[in-house]
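Peer 1: Give me the fold of what follows.
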Amino acid sequence: MSKKKIAVLVGSLRKESFNKKVAHQLISLAPDSLELEIVEIGHLQHYNEDFDQNSPSEYVNFREKIKSADGFLFVTPEYNRSIPGVLKNALDIASRPYGQNMWSGKPGAVVSVSISSIGGFGVNHILRQSMVFLNVPMMQQPEAYVGNAYSLFDENGNLLSDDTRNFLKNYIDAYAAWVNKF
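Peer 2: Got it, this is the predicted structure:
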């Protein structure tokens, strides 16, 4: 069985982002059937339809990475009960020009990570709503809301809790099974 190439999109740009730390943990825990790579989105100019006819190289390169992926894993915080602007921008860029949706038909999943105890519940569901329109079948179960993220890692970015590690391992294994269905 060939490895499935999974684009990991992190909705936080902060250098010491808890979301990026969780993404790295998921990558390290992934089964051999998946090849996960973080696809950077912070450098992308704001989407502008004027660029559809003559796209900047950063759009072209990003769209190619999304097109070549077999699936998507979103790891994101919640900003004001919604999607971080940088992640929404990435969704828009790879779904355009009209009729050239690079996301379509590929399996996805979302892990929301927050310093609050709610764990980014709102963003998790709002992102799923956008994915319905972009034709990305999202894994429904298990759901992943990682709360109190400030307490999960040591100063080197290592998980402190075996329970959290086991939860993330179970989640990424479930995602691998989801991807395998496609």
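Peer 1: Residue 19: neighbour count?
Peer 2: 24 (other CB atoms under 10 Å). Using the backbone N, CA and C atoms, a C-beta is placed for each residue, glycine as well.
Peer 1: Name the nearest residue to it, ignoring sequence neighbours.
Peer 2: Nearest residue to residue 19, sequence neighbours excluded (CB to CB, 6 or more residues apart in numbering): residue 12, at 4.2 Å.
Peer 1: With residue 53 as the reference, measure out to the residue nearest the centre of the chain.
Peer 2: Nearest residue to the geometric centre of the chain (CA atoms, centre = their mean): residue 74, 1.3 Å. Remark: distance between residue 74 and residue 53 (CB to CB, to the nearest Å) = 29 Å.
Peer 1: helices and strands around the helix or strand hosting residue 62, which ones?
Peer 2: Using DSSP states H and E, residue 62 maps to helix 57-68. For helix 57-68, the elements it packs on are strand 4-10, helix 85-93, judged by 3 or more CB pairs under 8 Å, 6 or more residues apart in numbering; DSSP states H and E.
Peer 1: Now the next helix or strand after the first one: buried residues?
Peer 2: In this case it means strand 4-10. Per DSSP H and E, the first helix or strand lying C-terminal to strand 4-10 is helix 18-29. Across helix 18-29, burial judged by 16 or more other CB atoms under 10 Å covers 18-27, 29.
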